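Colleague: Using only what follows, build the 3D model:
(one chain, ligands or ions: 1)
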Amino acid sequence: MTHPAQPKASHFINGEYVEDTAGTPIPVIYAATGEQIATVHAATPAIVEQALSTAKAAQKEWAKMTGTERGRILRRAADIMRDRNHDLSVLETYDTGKPLQETLVADATSGADALEYFGGLAASLTGEHIPLGEDWVYTKREALGLCVGIGAWNYPTQIACWKGAPALACGNSMVFKPSETTPLCALKVAEILIEAGAPAGVFNVVQGMGEVGGALVTDPRVDKVSLTGSVPTGKKVYAAAAAGMKHVTMELGGKSPLIIFDDADIDNAVGGAINGNFYSSGQVCSNGTRVFVQKGIKEKFLARLAERTGNAILGDPMDEATSFGPMVTENQMNIVLGYIEKGKEEGARVICGGARADMDGYYIQPTVFADVTDEMTIAREEIFGPVMSVLDFDTEEEVVARANDTEFGLSAGVFTKDFTRAHRVIGNLEAGSCFINSYNDAPVEAPFGGVKASGVGRENSKEAIKHFSQVKSVYVRMGDVEAAF
Ligand code: NAD
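Modeller: All right, here's what the predicted structure looks like:
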């Protein structure tokens, strides 16, 4: 019997499901059991061509609609997503393995937020009038054209919406390629947009690995590429886009610092560290995986952290009591287990966890290392799993310098009751998305993105509009033209 997660076909192009079984089969594995629940096929060159030509053709008419009309469609799509939240959350759990307890509140719901927010902005995208005496200049905010979105596997619905909603609000069309690891959810986003009234072809989904992504990025018809992925992939995609002088948004990896001063409320700080390391089993780009704790509260912090981490409920992700799910794939589990071994070898102290969980599926125990030093591999490389490194520090100056000593710059957080210090420290940290007495909040109203190797551009908020549109300026002369000859 076909599993309910199996989509009707692999791709969604021009308003309908499309199949080409000549493409490489991609198995979809449910991370909680290791069972194959669906198969899709990577896009063949013919499918890539169909998606790009369809999106190119659909864009002009879409851009001609008023912002109010485009916005209404996006807001209708948001309502449909909210109405179907339960089913979409179950699918998200099949796609990623994340527990339903999370997917019910974090995935289709945040996708709907993006559709609603950018739907609301669509009608307000205007230019300026610049008077120059008698003459004047006016500006128009125009769509870029055909945009490509490429997703990572941790938030397949959210990533499709974070890219699709602002792109469509500005009058662009999009071809979206989900991660080959989680190909299911973006198809539902495409279906819902059509149901909400989007013209066929403005949002298309094609499946495939890096090769398909590469074919999309290098196509001369494509005006913009927005990638969510790792730094090495980001460097390749950015370079390929640069060759064609395309616009880019790069949402890449991190190794973010979370700094806890000794005046912080311990339980709030522990809560922040848990949210910043163990949500989605640690598979979150903005995670605060280097937790710097001021020496005076170190042991108290570690004791409370171990106690609360012990309350994590590992189990069937479809059981709403489960608060901690498996790694997305066996491969990702093995990568993370390798880092845990490295941490032990290099002398870090295991406070809790430190091994695979004794159950079916790709579960790793939530793991905390203490006595981590700046040179250790687990303090330098992005692990993308439930592995928290706790490092000690003495002074503010020292911790800021150590926190910034990384190629990454996605996020940073600080816990302290001293607000002057909080703002001063955040001001000195090299990171794009920061938190004071909190961690990992990502409301659509706030810009999200990194500095340094963690990326360029911003998603969400009004900032995203700037990255999916361009300004045309028009000089209007009211009098005669003077010329030298
Ligand atoms: P990845 O870099 O392996 O893949 C990301 C996407 O790029 C996939 O869809 C993949 O098929 C595609 N791709 C790979 N090579 C390509 C190429 N040459 N040309 C075009 N596309 C190509 O990342 P992943 O393992 O799927 O996700 C984990 C990474 O994503 C982590 O580093 C994480 O930090 C990052 N991430 C960042 C954010 C953010 O918003 N900053 C959010 C989630 C995940």
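Colleague: can we go C-alpha only for contacts and neighbour counts from here?
Modeller: OK.
Colleague: buried ones in the helix ranked longest in the chain?
Modeller: Of all the elements of type helix in the chain, the one with the most residues (DSSP state H) is helix 45-64. Buried residues in helix 45-64, counted by 16 or more other Cα atoms under 10 Å: 47-48, 50-52, 54-56, 58-60, 62-63.
Colleague: wait, does the helix or strand hosting Leu121 contact the ligand?
Modeller: Following DSSP states H and E, one finds Leu121 within helix 108-121. No: remark: helix 108-121 sits outside contact range of the ligand, by Cα under 6 Å from any ligand atom, the gap being at least 13.5 Å.
Colleague: who does that helix touch, helix- and strand-wise?
Modeller: Secondary-structure packing of helix 108-121 (3 or more Cα pairs under 8 Å, 6 or more residues apart in numbering; DSSP states H and E): helix 67-83, helix 85-96, helix 156-169.
Colleague: and of these, who's closest to the ligand?
Modeller: helix 156-169 (7.7 Å; Cα to the nearest ligand atom).
Colleague: what's the following helix or strand after the closest one?
Modeller: In the C-terminal direction, the helix or strand that comes right after helix 156-169 (DSSP H and E) is strand 173-177.
Colleague: taking the mean pLDDT, what do you get for that following strand?
Modeller: Mean pLDDT, strand 173-177: 99.
Colleague: any idea which helix or strand comes after it?
Modeller: Proceeding N to C from strand 173-177, the next assigned helix or strand is helix 185-195, under DSSP H and E.
Colleague: Next, the angle helix 85-96 makes with that following helix.
Modeller: Between helix 185-195 and helix 85-96, the angle comes out at 150 degrees (axes from the mean of the first three to the mean of the last three Cα atoms, to 10 degrees).
Colleague: Any part of the next helix or strand after helix 185-195 near the ligand?
Modeller: Going down the chain from helix 185-195, the next helix or strand is strand 203-205, by DSSP H and E. No: using Cα under 6 Å from any ligand atom, strand 203-205 never reaches the ligand; the gap is at least 11.8 Å.
Colleague: Rounded mean pLDDT for strand 203-205, please.
Modeller: Mean pLDDT, strand 203-205: 99.
Colleague: Now do it: distance to the chain's middle.
Modeller: Its chain's C-alpha centre and that of strand 203-205 lie 18 Å apart, by Cα atoms, centre = their mean, to the nearest Å.
Colleague: again, but for stretch 145-159
Modeller: Stretch 145-159 sits 8 Å away from the centroid of its parent chain (Cα atoms, centre = their mean).
Colleague: Straight-line length of it, end to end?
Modeller: Stretch 145-159 has its terminal residues 20 Å apart, counting by Cα to Cα, to the nearest Å.
Colleague: Briefly note if it comes near the ligand.
Modeller: Yes: using Cα under 6 Å from any ligand atom, stretch 145-159 comes into contact with the ligand via 150-154.
Colleague: Could you single out the nearest of those residues to the ligand?
Modeller: Out of these, the member with the shortest distance to the ligand (by Cα to the nearest ligand atom) is Ala152, at 3.6 Å.
Colleague: The ligand contacts on the chain?
Modeller: Going by Cα under 6 Å from any ligand atom, the residues of the chain near the ligand are 150-154, 178-180, 209-210, 213-214, 228-230, 233, 236-237, 251-254, 284-285, 449.
Colleague: Which entries within these meet the buried criterion?
Modeller: Neighbour counting by 16+ other Cα under 10 Å classes 150-154, 178-180, 209, 213, 228-230, 237, 251-254, 284-285, 449 among the residues of the chain next to the ligand as buried.
Colleague: picking that back up, winner for burial among the helices and strands packed on helix 108-121?
Modeller: Stretch with highest mean neighbour count among the helices and strands packed on helix 108-121: helix 156-169 (a mean of 29; mean count of other Cα atoms under 10 Å).
Colleague: Okay, and Phe292 sits in which element?
Modeller: In this structure, Phe292 sits in strand 290-294 according to DSSP H and E.
Colleague: ok, Ser473 touching Glu142?
Modeller: No: using Cα atoms under 8 Å as the test, Ser473 is too far from Glu142 to be in contact (10.4 Å).
Colleague: These two: which has the busier surroundings?
Modeller: Applying other Cα atoms under 10 Å to Ser473 and Glu142 shows that Glu142 carries more neighbours, namely 18 against 15.
Colleague: State the separation between the following helix or strand past the helix holding Leu121 and the centre of the chain it belongs to.
Modeller: Going down the chain from helix 108-121, the next helix or strand is strand 129-132, by DSSP H and E. Counting by Cα atoms, centre = their mean, strand 129-132 is centred 39 Å from the centre of its parent chain.
Colleague: helices or strands up against strand 129-132?
Modeller: Counting contacts by 3+ Cα pairs under 8 Å, 6+ apart, strand 129-132 packs against strand 135-143.
Colleague: Just checking: what are the partner strands of the strand it packs on?
Modeller: Paired strands of strand 135-143, with direction, are strand 129-132 (antiparallel), strand 469-476 (antiparallel) (DSSP bridges).
Colleague: angle of that strand against strand 173-177?
Modeller: 40 degrees.
Colleague: returning to that earlier point: can you redo the helices and strands packed on helix 108-121 as CSV with mean pLDDT?
Modeller: Formatted as CSV, the helices and strands packed on helix 108-121 follow (pLDDT from 0 to 100):
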stretch, mean pLDDT
helix 67-83, 98
helix 85-96, 98
helix 156-169, 98
